[in-house]
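J.: What follows is a predicted structure for the sequence shown.
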Amino acid sequence: MSETLLEVQHLKKYFPIRKGLWNKTRGYVKAVDDISFSVRRGETFGLVGESGCGKSTTGRSILRLIEPSEGKVIFEGREITGLPDEAMRKQRRDMQIVFQDPFSSLDPRHSVQRILEEPLIVHGIKSRKERQQRIEKLIDVVGLTRTHLHRYPHQFSGGQRQRIGIARALTLQPKLIVADEPVSALDVSIQSQVINLLQDLQNEFRLTYIFIAHDLSVVKHICDRVAVMYLGRIVEIANKHQLYDMPQHPYTQALLSAVPEPDPDLKRQRIILQGEVPSPANAPVGCAFHTRCPKAMQVCTEVRPQLLDTGGGHMTACHLYTPASSGME
Amino acid sequence: MGKPILEIKDLRTHFFTDRGEIPAVDGVDLYLNPGEVLGVVGESGCGKSVTSLSVLRLVPSPPGKIVSGSILFKGKDIVPLREWEMRKIRGNSISMIFQEPMTSLNPLFTVGQQITETVRLHRGVSRKEARSITLDMLKKVGIARAESIIDEYPHQLSGGMRQRVMIAMSIACSPEVLIADEPTTALDVTIQAQILELIRRLNEERGMAVMMITHDLGVVAEMCHRVAVMYAGKVVEEGSVHDIFKNPLHPYTQGLIQSVPRMNETRERLYSIPGNVPILSKNMQGCRFAARCPHMMQRCLEALPNLKEQEAGHSSRCWLHETPQEDAV
């Protein structure tokens, strides 16, 4: 097993709800509510869940694009949550992000050349020749050509723009890339091109990915380990074989069974969840999922289950798997 | 099986823009049998949505215009109908649900007001009766608090709830045909499963024919009886859901099906169709897919193949089927 690159400990992000004339805080949206996980060097770690579960907020809090409310983020053994702005900016050379929407994440007034060159200038690569060499290499690597460098974002299709977004994230040779729904906005045939590109780049540059997505089949294809989030909490973490073959948490089970499969002969037992996700401003007490859980018990409405190892590194936060002794206390 | 309830013949809907005439729908033939769920699949820009909007004559005009072709509803061509005649069909005999329920509901009126308007217009009942029909519909689509939801505004509802309201509105007058344009694309998987279940129930219980426009092959495999695959304004393959998934004939369909990751198998690498969707123009020649096709022949560049029946109920538009001897070249 390889070393840990990133460690997230008890990360929380609460957004205040302000109301009224004096803008008083009337409560909090608990977008990320006490989550911990670690990512190993060279792996692809998936964060999945439905909209509003806090997966994107988690990704951005790790890079401190959103300042976390509490908790620690440790990158290569160094805590980065307390770093001053300037030190954090330097730290981001090693940690980059690719956004979902290739239409709004590129500046429409800048040519591709400038989009790719800017991070190099900001991070102090003074030699013009060196910058140019790096840019030209990158544009090749992501499957575009040098003639594309002088064009503007609107002249590209969605898939090509996502390639530019990936090239930009790669300019500083980062160690970690947070990919926030990088293929969700793309058509199926283009989606597979970009997924293949991400995998090629990972092999070539020994990248570590945090892959945030809601599409469970894409996550299964690309990720090594997966964390499932629900209402700001992680309900299950496991390697992909454990998770997809033997999901433990009732939410994971329902989520997996709800995915429509492109095979008309496949008839599965589907768990259709009743109701909708409660508001993160007013999350249920105890287990956040108990209001929709088909297996809810009395204890679920009272005690928040801890994320525990149920064997072989398969972690689940559910009272069904809590050892009887600790469950009774 | 009897006569199709809806038949589209050689439909051409073009857009007249500054950049010239764009043939978004370029000679589409489709039919929908009573009680059937037909899937229309394709990537963005293939003309699937414009086809469905053309049926209800909702294509914004200008710039769009149905240039030629006919749309037979129960044997009667509805293309030449005047606007007031069309209004009697819309919502009453053929109705439609859209991808984004927030933009297709009026934010200024309550849910009840919007549904009763449709009911009163088409059925000519009193306000009171219309309200009770509305309540009934809301309950049918599985809205638990129908009595209070009826007086709420769209912004007070969640995405899944809004889509239910849209469906309630569209079935309020018991239409014979429902056109669903990406009805679950904006929804989370667990909510998607609920909505698909609802549409399936309406199809089975009421015998309502459904034309399902989607890019999601999983949804197609799960919901549809028959499938039409569109590419660049044309139908390239059409057949039963089993034919399309188990024995796809057109190279585009084959590529599309191979490029989606699946949950029940593990592959090292995804297949991907090289290149991008072509930009539509009036003077395109040959097969639209030729530039991306792995089996491209000289003939493909010169002439457009016809959509021909290859086996019973399974048609494909490809020169490969007609010149097997050239296959090896």
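T.: Alright, I've got the coordinates.
J.: Tell me where chain B has helices.
T.: B:48-55, B:83-89, B:101-104, B:111-123, B:127-140, B:146-149, B:159-171, B:189-206, B:217-223, B:241-246, B:251-259, B:298-302 (DSSP state H).
J.: helices or strands up against the helix or strand harbouring residue A:140?
T.: Element membership for residue A:140, per DSSP states H and E: helix A:128-141. Packing partners of helix A:128-141 (3 or more Cβ pairs under 8 Å, 6 or more residues apart in numbering or on different chains; DSSP states H and E): helix A:112-122, helix A:158-170. Where C-beta positions appear, they are placed from N, C-alpha and C, glycine not excepted.
J.: Distance of the residue most central in space within chain A relative to residue A:321?
T.: In chain A, the residue lying closest to the centroid (Cα atoms, centre = their mean) is residue A:212, at 3.0 Å. In this view, residue A:212 and residue A:321 are 26 Å apart by Cβ to Cβ, to the nearest Å.
J.: still on that earlier bit, mind checking the SS state of the residue nearest to the centre of chain A?
T.: On the three-state scheme (DSSP: H, G, I helix; E, B strand; the rest coil), residue A:212 is labelled strand.
J.: That one is in contact with residue A:178, isn't it?
T.: Yes: between residue A:212 and residue A:178 there is a contact at 7.1 Å, judged by Cβ atoms under 8 Å.
J.: what residues do those two have in common as contacts?
T.: residue A:59 (Cβ atoms under 8 Å, 6 or more residues apart in numbering or on different chains).
J.: Identify the residues contacting the nearest residue to residue B:108 once chain neighbours are set aside.
T.: Excluding the flanking residues, the one nearest residue B:108 by Cβ to Cβ, 6 or more residues apart in numbering or on different chains is residue B:153, at 7.9 Å. Residue B:153 sits next to B:107-111 when contact means Cβ under 8 Å, 6+ apart.
J.: can you tell me if the helix or strand of chain B with the lowest mean pLDDT touches chain A.
T.: Lowest mean confidence among the helices and strands of chain B (mean pLDDT, DSSP states H and E): helix B:101-104, at a mean of 76. No: using Cβ under 8 Å from any Cβ of the partner chain, helix B:101-104 never reaches chain A; the gap is at least 13.5 Å.
J.: Could you verify my assumption that residue A:243 touches residue A:255?
T.: No: assessed by Cβ under 8 Å, residue A:243 is found out of contact with residue A:255, at 10.3 Å.
J.: okay, and the common contacts of these two?
T.: residue A:228.
J.: coming back round to it: between the helices of chain B, which gets nearest to residue B:18?
T.: Of all those, it is helix B:48-55 that lies closest to residue B:18, at 18.5 Å by Cβ to Cβ.
J.: What are the contacting residues of that closest one?
T.: Against helix B:48-55 from outside (Cβ under 8 Å, 6+ apart): B:6, B:8, B:11, B:13, B:24-25, B:28, B:30, B:40-42, B:59, B:64, B:66, B:71, B:78, B:94, B:96, B:179, B:181-182, B:211, B:213, B:230.
J.: thinking again about what came up before, mind listing what's buried along the helix holding residue A:140?
T.: A:131, A:134-135, A:138-139, A:141 (16 or more other Cβ atoms under 10 Å in any protein chain shown).
J.: what inclination does it have with respect to helix A:158-170?
T.: 140 degrees (axes from the mean of the first three to the mean of the last three Cα atoms, to 10 degrees).
J.: what mean pLDDT does helix A:128-141 have?
T.: For helix A:128-141, the mean pLDDT works out to 90.
J.: Stretch B:261-277 now?
T.: Here the average pLDDT along stretch B:261-277 is 83.
J.: So for it, first residue to last residue, what's the gap.
T.: With Cα to Cα, to the nearest Å as the measure, stretch B:261-277 spans 20 Å from end to end.
J.: What is the distance between it and the centre of its chain?
T.: Taking the mean of its C-alpha atoms, stretch B:261-277 sits 24 Å from the chain's own mean (Cα atoms, centre = their mean, to the nearest Å).
J.: and that stretch, which residues are buried?
T.: For stretch B:261-277, by 16+ other Cβ under 10 Å, it's B:261-263, B:270, B:272-273, B:276-277.
J.: burial of the closest residue to chain A within the stretch 101-250 of chain B, as a residue count?
T.: Proximity to chain A, evaluated over the stretch 101-250 of chain B using Cβ to the nearest Cβ, is greatest for residue B:218 at 3.3 Å. A count of nearby residues for residue B:218, using other Cβ atoms under 10 Å in any protein chain shown, gives 22.
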